[in-house]
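Participant: The following comprises the amino acid sequence and a computationally predicted model.
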Amino acid sequence: MGDSKTGQISANAAQVYEEIFLPSLFVEWPPRVIEAAGIQSGHRVLDVACGTGVLAGAVAERVGSEGSTVGVDNNEGMLAIAREKTPEIEWYLAPAESLPLDDDSFDSVVSQFGLMYFEDRRGALVEMMRVLRPGGTLAVVVWDKHENIPAWVVEDQIFERVFGAEDEDDAPNSLGDKQNLRRLFDSAGILDAEIRTHEGTARFPSIEAWIYADVKGWTMDDEIDDEGHERLLTEAQVELAQFLLDDGTVAFSTPAHIVTANKPA
């Protein structure tokens, strides 16, 4: 069973995540993170909460054969896919709060949409700064506030009507408030963090694919039966039609914050 608070998902859900969520929601962000972190050829880079490896793979291409990339995730299902895709990257199964890596050993540390799910967010940030070399750059991405992503607001209302309020999952947007986000970084001793909001766009091949990904590609994969899925889809076809394009695909705004900071030299 998945856990929406920590982002733990099953192996089956990891595969759906890779096939639908990744191209629909996450592939546009690695170039932005790489630029924010100032990653160059020859750098040694760590990706924390690497998932199935979309960011780590892009980083590996940027650093080239003279550099190196390491990915860490606490989900074996995600890592199994990452290892199969890019075996040349060094992968570790470990929590972000206890990185099995040496102090001052990376030019950049990056994390894409993982910080919201860490059990000890402050501790994870302290760990990321620990393994960063003096003068190195940290770049972390989190989703904007829930109300700033109207498509997710509508979708959550559908879930609430069909399954009840207890099924609401606020974890993805739990760090969307920039003041709270800055306080979190301050609490970890990262006092010079810069927060910039970037506009993103989610693109799903259909409403059906969007709902399927949310049910089967995340933490509810073994909680919602076929009947519940059909009830959800019936409502979604009506309520989410406002996000349809003329070709039947779906597109909606997904702003996110990229937080950057440098470790004191």
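Facilitator: Arrived safely. Numbers count the residues shown, from 1 in each chain.
Participant: Distance from stretch 98-113 to the middle of the chain?
Facilitator: Mean-position distance between stretch 98-113 and its chain equals 16 Å (Cα atoms, centre = their mean, to the nearest Å).
Participant: Give me the distance between the two termini of it.
Facilitator: 18 Å (Cα to Cα, to the nearest Å).
Participant: tell me which residues in that stretch are buried?
Facilitator: Using 16 or more other Cβ atoms under 10 Å as the test for burial, stretch 98-113 gives 99, 101, 105-113. Using the backbone N, CA and C atoms, a C-beta is placed for each residue, glycine as well.
Participant: of all these, which two lie farthest apart?
Facilitator: The most widely separated members of the buried residues of stretch 98-113 are 105 and 113, with 23.7 Å between them, by Cβ to Cβ.
Participant: quick one: contacts of stretch 34-48?
Facilitator: 53, 55-56, 58-59, 62-64, 66-72, 96, 99, 101, 105-112, 114, 124, 128, 131, 137-139, 196, 258, 260 (Cβ atoms under 8 Å, 6 or more residues apart in numbering).
Participant: All the helices of the stretch 51-200 of the chain, in order from the start?
Facilitator: Secondary structure of the stretch 51-200 of the chain by DSSP state H, counting those that start in this stretch: the helices cover 54-63, 76-85, 121-131, 150-163, 178-187.
Participant: nearest to residue 244, of the buried residues of stretch 98-113?
Facilitator: Of all the buried residues of stretch 98-113, residue 244 sits closest to residue 113, with 24.9 Å by Cβ to Cβ.
Participant: leaving aside the residues next to it on the chain, what's closest to that closest one?
Facilitator: Sequence neighbours aside, residue 141 is the residue nearest to residue 113 in space, at 5.7 Å (criterion: Cβ to Cβ, 6 or more residues apart in numbering).
Participant: Tell me the spacing between that neighbour and residue 212.
Facilitator: 25 Å (Cβ to Cβ, to the nearest Å).
Participant: what about residue 180, neighbour count?
Facilitator: Counted with other Cβ atoms under 10 Å, the neighbours of residue 180 add up to 11.
Participant: now swap in residue 76 and tell me
Facilitator: 12.
Participant: partners of the residue nearest to it when sequence neighbours are not counted in the sheet?
Facilitator: The shortest distance from residue 76 to any non-neighbouring residue, by Cβ to Cβ, 6+ apart, is to residue 93 (5.9 Å). Counting by DSSP bridges, residue 93 is bridged to residue 73.
Participant: and the residue positioned nearest the centre of the chain, what is it in contact with?
Facilitator: The residue lying closest to the centre of the chain (Cα atoms, centre = their mean) is residue 113, at 2.5 Å. Residue 113 is in contact with 26, 29, 49, 141-143, 172, 256, counting by Cβ under 8 Å, 6+ apart.
Participant: What of residue 239?
Facilitator: 154-155, 157-158.
Participant: Help me confirm that residue 54 comes into contact with residue 33.
Facilitator: No - judged on Cβ atoms under 8 Å, residue 54 makes no contact with residue 33 at a distance of 10.2 Å.
Participant: what's the overlap in contacts for these two?
Facilitator: Shared contacts of residue 54 and residue 33, defined by Cβ under 8 Å, 6+ apart, comprise residue 112.
Participant: circling back: how about the residue nearest to the centre of the chain, phi and psi?
Facilitator: phi 60, psi 40 (degrees, to the nearest 10).
Participant: Could you report the distance from it to residue 47?
Facilitator: Distance from residue 113 to residue 47, by Cβ to Cβ: 11 Å.
Participant: and if you look at residue 159?
Facilitator: 30 Å.
Participant: the more surrounded of those two?
Facilitator: residue 47 (31 against 21).
Participant: dump the residue contacts of residue 94.
Facilitator: Contacts of residue 94 (Cβ under 8 Å, 6+ apart): 72-74, 100.
Participant: ditto for residue 136
Facilitator: Applying Cβ under 8 Å, 6+ apart, the residues near residue 136 are 106-109, 262-263.
Participant: hang on, the earlier thing: more neighbours: residue 141 and residue 212, which one.
Facilitator: Between residue 141 and residue 212, counting by other Cβ under 10 Å, residue 141 is the more crowded of the two (23 against 17).
Participant: Thank you, goodbye.
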